[in-house]
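> Provide a 3D model corresponding to the input given below.
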Amino acid sequence: MAHKSTEYKNEKGLTLIELIIFAAIFMVVAIIFVSILVSITRVYVKESASAEVEQQSHFLLQTIQRYVEQSSVLDDVAMPHGAQTSTLVLRTSGPSDKVRIYTSSTTGIVYLDEENTNIGVTTSTPLTTESVRVSDLSFTRRVNSPGHDSVSFSFTAAYNTVNPQQMFSQTLNSAVSRVMAATFEGGVYPTPSAVDKRIGGSDPNSWKSINDVIYFSGTNVGIGETLPSQKLEVNGGFGVNNGNIKVSNGYIYAGTEGQGIIVKNSSGVCYRINGDFIDGPSGAIIPEGLPCP
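Residues are numbered from 1 along each chain as shown. Purely as a prediction, here's the structure:
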């Protein structure tokens, strides 16, 4: 009787314990990779927000500095000395002779207004975008006599988002002085105050004085004379060359016929000397008596 030989194959699968261990290891590795991905994403989002804020803040800072440095004069009416204002107002020598920099209270965007006062046209340009909100923009004008005026300013720039992961803000403080000489394309008027001797303002009155030496009365100018009654009146009482007028390498010229120089003698009588009263052959001056001005 023949016997059949039976062969048995030893095939082993994963046991339940091995399967549980594999699943646990896979979950741990997956969690680690997801955590790394989330961390990288958060860093990228944060860096993108901070880069945007820093870029726009730096551009705004440079723009303010450039306009102040190149300005002809800072508006002392809109920006009194030592007072904090929300708008920078200055004058330039270019076609757009009046410049304003301010923040919109609704959008937080900073605008640059350039006004051509000759034709009454104003161009408004945004200096920041909606992605960055600027707040607490303030300017303080400082008078540095006899040097140029300066402006200190500060602002806070924040990324415009409600996502806590993207929130980023920074506050910048700086100061800059004018470097350009004052230039004017139109009339220059004094301030309205009668005791204020600064040039500026918009009240078309006469200047009161310059350093308490040169005075003005309408269209008359006095040197040492507080109330000049003539186009130019010199009073030597304050000790400037004893009231003398010295002309070096030039002439005193009366350009209208019949006009000349009026002098007063020791008796208080005034005489006018002009070309019609010069004796040609002798060269002698024959003065003409007239009332003193």
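> from here on, contacts and neighbour counts on C-alpha atoms
Will do.
> just the CA trace of stretch 64-82, in CSV.
Taking Å, rounded to 0.1, in the frame of the first residue of the first chain, the C-alpha atoms of stretch 64-82 are listed here in CSV:
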residue,chain,number,x,y,z
ILE,A,64,8.6,111.6,4.4
GLN,A,65,12.3,112.2,4.9
ARG,A,66,12.8,113.1,1.2
TYR,A,67,9.9,115.6,1.0
VAL,A,68,11.0,117.3,4.3
GLU,A,69,14.6,117.5,3.2
GLN,A,70,13.7,119.0,-0.3
SER,A,71,11.0,121.4,1.0
SER,A,72,11.3,125.1,0.7
VAL,A,73,9.5,125.8,3.9
LEU,A,74,7.4,124.1,6.5
ASP,A,75,3.9,125.5,6.9
ASP,A,76,4.0,127.2,10.3
VAL,A,77,0.3,127.9,10.3
ALA,A,78,-0.8,124.3,9.8
MET,A,79,2.2,123.1,11.9
PRO,A,80,2.9,125.4,14.8
HIS,A,81,6.2,125.0,16.6
GLY,A,82,6.1,122.2,19.1
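> in it, what's buried?
64-65, 67-76, 79, 81 (16 or more other Cα atoms under 10 Å).
> now stretch 102-115
Quick answer for stretch 102-115 (16+ other Cα under 10 Å): 102-103, 108-115.
> ok, residues contacting that stretch?
Stretch 102-115 is contacted from outside by 86-88, 96-101, 121-130, 132-135, 137, using Cα atoms under 8 Å, 6 or more residues apart in numbering.
> ok, now how distant is the closest residue to E130 other than its chain neighbours from T125?
What sits nearest to E130 in space, not counting adjacent residues and going by Cα to Cα, 6 or more residues apart in numbering, is I109, at 6.5 Å. Counting by Cα to Cα, to the nearest Å, the gap from I109 to T125 is 10 Å.
> can you pull out the helices in this protein?
For the chain, applying DSSP state H gives helices covering 16-69.
> what about it, any weak spots by pLDDT?
1-14, 95-96, 181-209, 211, 236-251, 254-255, 257-259, 274-290, 293 (pLDDT under 70).
> quick revisit: how near is the residue nearest to E130 to H58?
In terms of Cα to Cα, I109 sits 15 Å off from H58.
> check R142 too.
From R142 to H58 the distance is 23 Å (Cα to Cα).
> what's opposite Y271 in the beta bridge?
Beta-bridge pairing for Y271 (DSSP bridges): V263, G289.
> that one - how many residues pack around it?
19 (other Cα atoms under 10 Å).
> was I right to think it contacts K264?
Yes - at 6.3 Å, Y271 and K264 qualify as touching, with contact defined as Cα atoms under 8 Å.
> so what's the most centrally placed residue in the chain up against?
Compute the mean C-alpha point of the chain, and by Cα atoms, centre = their mean the closest residue is V68, 3.2 Å away. Shown in contact with V68 (Cα under 8 Å, 6+ apart): 74, 90, 151, 176-178.
> which single one of those residues is nearest to I40?
V176 (39.9 Å; Cα to Cα).
> so the closest one bridges to which residues?
Residues in beta-bridge contact with V176 (DSSP bridges): V151.
> quick check, it in contact with Q70.
No - between V176 and Q70 there is no contact under Cα under 8 Å: 10.7 Å.
> list the buried residues for stretch 263-271?
For stretch 263-271, by 16+ other Cα under 10 Å, it's 270-271.
> how does this protein divide up, domain by domain?
26-177, 204-246, 253-293 (automatic domain parsing).
> redo the ones you listed as TSV? Include distance to L16.
Shown next, in TSV, are these (distance: least, Cα to Cα, whole Å):
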stretch	distance to L16
domain 26-177	15
domain 204-246	100
domain 253-293	121
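> which of the ones you listed sits closest to T15?
Per Cα to Cα, nearest to T15 of the domains of the chain: domain 26-177, 16.6 Å.
> quick revisit: between R142 and H58, which is the more surrounded one?
Higher neighbour count among R142 and H58: R142, with 20 against 12, using other Cα under 10 Å.
> in the stretch 51-200 of the chain, which spans are strands?
Using DSSP state E, counting those that start in this stretch, the strands found in the stretch 51-200 of the chain span residues 73-74, 84-85, 88-91, 98-103, 110-116, 121-126, 132-142, 150-159, 169-177.
> how far away is L127 from N173?
17 Å.
> for those two, indicate the residue with more neighbours.
Between L127 and N173, counting by other Cα under 10 Å, L127 is the more crowded of the two (17 against 12).
> contact partners for the more buried one?
L127 touches 56, 59-60, 109-112, counting by Cα under 8 Å, 6+ apart.
> ok, 7 Å please
By Cα atoms under 7 Å, 6 or more residues apart in numbering, the residues touching L127 are 60, 110-112.
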